[in-house]
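would you be able to build a 3D model of this:
(2 chains)
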Amino acid sequence: MRYQNATAYRFLAPYLLIFSIFWLWPIISSFLISFQATRTVPWRFAPSFNWGRLIGDPAFFNALKNTLLILVIQVPVMITLAIVMAVLLNSPLLKARGLFRFAFFAPVVVGEVAYSAVFRLMFNLDYGIINKLLNSVGLPRIDWFSNVTPAMAVIMIAVTWRWAGYNAIILLAGLQSIPQDVYEAATLDRVSKLKQFFYITLPLLKPIIVFCAVLSIIGTMQLFTEPFLITERGGPGGGTETLGLLLYRQGFRSLNFGYASAIAYTMAGLAIAISLAQLWLTRDPK
Amino acid sequence: MAAVTLKKVVKRFGVFEIVHGANIDVNDGEFVVFVGPSGCGKSTLLRMIAGLEDISGGEIAIGGKLVNDVEPADRGIAMVFQSYALYPHMSVEQNLSFGLRMNGNPKADTERRVKRAAEILRIAELMKRRPRQLSGGQRQRVAIGRAIVREPQVFLFDEPLSNLDAELRVQMRVEISRLHKELGVTMIYVTHDQTEAMTLADRIVVLNAGNIEQIGAPLDLYDDPANRFVAGFVGSPKMNFMAAKVVGNDGAVTVELANHGGARLRKPLSGAPPAVGAEVVLGVRPEHFFEAGEGDCDIAVKADVAEHLGSVSYVYASAGPEELIIEREASRQRANGDHMAVSIKAVRSLLFDKSGARIR
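Residues are numbered from 1 along each chain as shown, chains lettered A, B, ... in the order given. Predicted coordinates:
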């Protein structure tokens, strides 16, 4: 038995080695780095240097506020939209289901840089199609990238566009696992389609919805590409700077690894905390 | 309570016709079982009565009212599904009351109905549990309870016992029988299990490939099947079929068994006998073989395997290409390829023509 275990571990060894070097060690190392003052050479151990700065840093709180704002607005909107899309995809009345499924999933496949470029063009002040459309219905055009609120809206719209279909596909799988005869029983019970949705579909889909929400929370906490590319590094004036962007600025522009590590751990901690809270709030009553 | 009438009911899925013009009259308060092999259209027929499937042709009436275009919920029926179809996220109590609550039924009446159903099915102590915390038998009770609270005129059962183990199946069978007596409501029950059909039904409808083969009381089907399919489907173990040829038709018909060394059986018929030379099939139930010399025609077979059930023994025997199941008195004797002789009685055998129709 013992010998068999040893053999198994020998086979696992290459993986465990690579895992330890490239995964486990960076995690531990960055945690240690967050306690080091990395602006001096050599680095020295100074726990309050980064963590102390974090607590009083207006840039950090600005990024935190922006990230949470996007999280609180974008995630619920996207999940709701994804549920609606999944239900429509699941409808027996829908023709060309495969095509729609592909279309919903396609944004995830499109390169981030390409899609960001398209969004920048679409929301361009002078030639963007969005402003053209607004104009054509008699609304004033909006300077999307020069004001904080519209810039935030663009980011939320972009993220929603990119990920709603992805979540819809996951939710669709959940929908399809609900047995048809439960709906037939409800039909015989004279329960309308709308009530079936609220009293049967949603409760039975809840675990999948929570799963999607947790994935989205984690994703949004790390949001980087959209504010980096679409609103040009968190513009205007840091108005859309997220924690991910702040981390990038500290780690890669200022080469302040200690502070960047502290930010990274804060992001991970917050993502875990919010996800756990979400799981706890939506747990099944005993 | 209500009678259910099906007139020339047809079901097509695209170009495929699944049910070819079914005519069935279910009397008020009757327990009728639709039985047949899988794919015979029995469940489709039931779902059409429930309104869960559209009717491609013909008419269905419940309580004298044409229901072809009536919503399922307005047909006065309740259905019990094979998979129970309980709402997994609701307690037993919520499962029972869900339909009534959604329709704004007065609370006191809902409570009364739920209480009554719980009493009838003896599930009162399970009311707070979720379906996943119940055994298969308990789930089935809840599913039946959900049908009871609707106080329907007709109960529909779609293979309700097929997910239960053998012992529980017998127990639930008795329960459903009791329920029928207690409620006195029309019940239509679909199963592929002929034992369930025989034990539960007032009348059985035997279906095969979308056609009704025969409708009748269980023992009438057993004693007097209309054709080879019904003869083979009703009764367990199955009826034996032996190839034979007509060699004489002077008042009675005389047949020669093809695989039994020229053994002949003379069988009186009430109708016209088939022509000499016609190929026919002789049907004999396992329990209708007698000791050699006691019947009208002795045959010799090779006993391959014996199954001893305690009360009786079944011998799986062969004669040439033909396999026979023969019921014997209980014994401990092993079958080891020995030859044995048994006898057939003319009155305890049935004759079918080549197409499977009964020759009476």
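
confidence score at the residue in chain A that chain B sits nearest to?
Distances between chain A and chain B by CB to the nearest CB are smallest at residue A:189, namely 2.9 Å. The way it works is simple: take the backbone N, C-alpha and C, and place the C-beta from them, glycine included. Here, the pLDDT recorded for residue A:189 equals 90.

wait, residue B:157 touches residue B:190, no?
Yes. At 6.5 Å, residue B:157 counts as touching residue B:190 under the criterion of CB atoms under 8 Å.

got the contact list for the closest residue to the residue of chain A closest to chain B other than its chain neighbours?
Taking CB to CB, 6 or more residues apart in numbering or on different chains, and ignoring the residues beside it in sequence, residue A:189 has residue B:99 as its nearest neighbour in space, at 2.9 Å. In this structure, residue B:99 makes contact with A:186, A:188-191, B:146, B:149-150, judged by CB atoms under 8 Å, 6 or more residues apart in numbering or on different chains.

mind checking the SS state of the residue of chain B found nearest chain A?
Proximity to chain A, evaluated over chain B using CB to the nearest CB, is greatest for residue B:99 at 2.9 Å. Three-state assignment for residue B:99 (DSSP: H, G, I helix; E, B strand; the rest coil): helix.

distance of the residue of chain A closest to chain B relative to residue B:104?
The spacing between residue A:189 and residue B:104, counted by CB to CB, to the nearest Å, is 13 Å.

and these two? Which one has more around it.
Between residue A:189 and residue B:104, residue A:189 has the larger neighbour count (other CB atoms under 10 Å in any protein chain shown), namely 22 against 8.

and that one, its phi and psi?
phi -80, psi 10 (degrees, to the nearest 10).

that one reaches residue B:73, doesn't it?
Yes. Counting by CB under 8 Å, residue B:73 is a contact partner of residue A:189 at 6.9 Å.

for the one helix or strand residue A:71 maps to, what is the average pLDDT?
Element membership for residue A:71 (DSSP states H and E) is helix A:58-90. Helix A:58-90 carries an average pLDDT of 94.

my assumption is that residue B:34 lies in a strand; please confirm.
Yes. Secondary structure of residue B:34 (three-state DSSP): part of a strand.

ends of stretch A:248-256, what's the gap?
The straight-line separation of the ends of stretch A:248-256 (CA to CA, to the nearest Å) is 10 Å.

contacts for that stretch, please.
So stretch A:248-256 is contacted by A:38-39, A:224, A:228, A:233, A:241, A:257, A:259-261, A:263 (CB under 8 Å, 6+ apart).

please compute how far it lies from its chain's middle.
Taking the mean of its C-alpha atoms, stretch A:248-256 sits 22 Å from the chain's own mean (CA atoms, centre = their mean, to the nearest Å).

now for the most centrally placed residue in chain A: which residues touch it?
Taking CA atoms, centre = their mean, the centroid of chain A lies closest to residue A:219, which sits 2.4 Å from it. For residue A:219, the contact set (CB under 8 Å, 6+ apart) comprises residue A:163.

for the helix or strand where it lies, give the mean pLDDT please.
Assigned by DSSP H and E, residue A:219 falls within helix A:202-221. Taken as a whole, helix A:202-221 has an average pLDDT of 92.

tell me the helix or strand right after that helix.
Helix A:202-221 is succeeded, C-terminally, by helix A:225 (DSSP H and E).

contacts for that following helix?
Contacts of helix A:225 (CB under 8 Å, 6+ apart): A:112, A:116.

quick check, distance from it to the centre of its chain.
11 Å.

picking up where we left off before, what about the contacts of stretch A:248-256, which are in helices?
A:257, A:259-261, A:263 (DSSP state H).

need these in TSV with pLDDT, can you?
Conversion of those to TSV gives the following (pLDDT from 0 to 100):
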residue	pLDDT
A:257	89
A:259	91
A:260	92
A:261	92
A:263	93
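
residue 231: neighbouring residues, count only.
The chain I'm using is chain A. Neighbour tally, residue A:231, other CB under 10 Å: 28.

oops, chain B please
That count, for residue B:231 with other CB under 10 Å as the rule, works out to 25.

could you report the neighbour count for the closest residue in space to residue B:269 that isn't next to it in sequence?
Using CB to CB, 6+ apart and skipping residues adjacent in sequence, the residue nearest residue B:269 is residue B:253, 5.5 Å away. Counted with other CB under 10 Å, the neighbours of residue B:253 add up to 25.

could you do residue B:116 as well?
14.

swap in residue A:104?
21.

do residue B:140 as well
26.

one more: residue B:67?
23.

and the closest residue to it other than its chain neighbours, what does it touch?
Residue nearest to residue B:67 in three dimensions, not counting chain neighbours: residue B:75, with 5.1 Å by CB to CB, 6+ apart. By CB under 8 Å, 6+ apart, the contact set of residue B:75 is B:49-51, B:62, B:67, B:154.

take these and keep only those in helices.
B:49-50.

could you dump the contacts of residue B:75 to a markdown table with distance to residue A:147 and pLDDT?
A markdown table is the format used below for the contacts of residue B:75 (distance: CB to CB, whole Å; pLDDT from 0 to 100):
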| residue | distance to residue A:147 | pLDDT |
| --- | --- | --- |
| B:49 | 64 | 95 |
| B:50 | 60 | 94 |
| B:51 | 57 | 93 |
| B:62 | 66 | 94 |
| B:67 | 63 | 93 |
| B:154 | 67 | 94 |
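
hmm, which two among the contacts of residue B:75 are most spread apart?
B:51 and B:154 (11.5 Å; CB to CB).

so which residues on chain B come close to chain A?
B:50, B:52, B:71-74, B:77-79, B:81-83, B:85-89, B:98-99, B:102-103, B:146, B:150 (CB under 8 Å from any CB of the partner chain).

ChimeraX command to pick out the buried ones of the residues you listed?
Only the buried entries of the residues of chain B next to chain A go into this ChimeraX selection, using 16 or more other CB atoms under 10 Å in any protein chain shown:
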select /B:50,52,72,73,77,78,79,81,82,83,85,86,87,88,89,98,99,102,146,150
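
if you look at the residues of chain B next to chain A, which of them are in strands?
Counted as lying in strands by DSSP state E, out of the residues of chain B next to chain A, are B:77-79.

including pLDDT, could these go into a markdown table?
Shown next, in a markdown table, are these (pLDDT from 0 to 100):
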| residue | pLDDT |
| --- | --- |
| B:77 | 93 |
| B:78 | 93 |
| B:79 | 94 |
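
residue A:64: which of these is nearest?
Comparing these against residue A:64 with CB to CB picks out residue B:79 as the nearest, at 55.3 Å.

which of the residues in stretch A:126-138 are buried?
Quick answer for stretch A:126-138 (16+ other CB under 10 Å): A:128, A:130-131.
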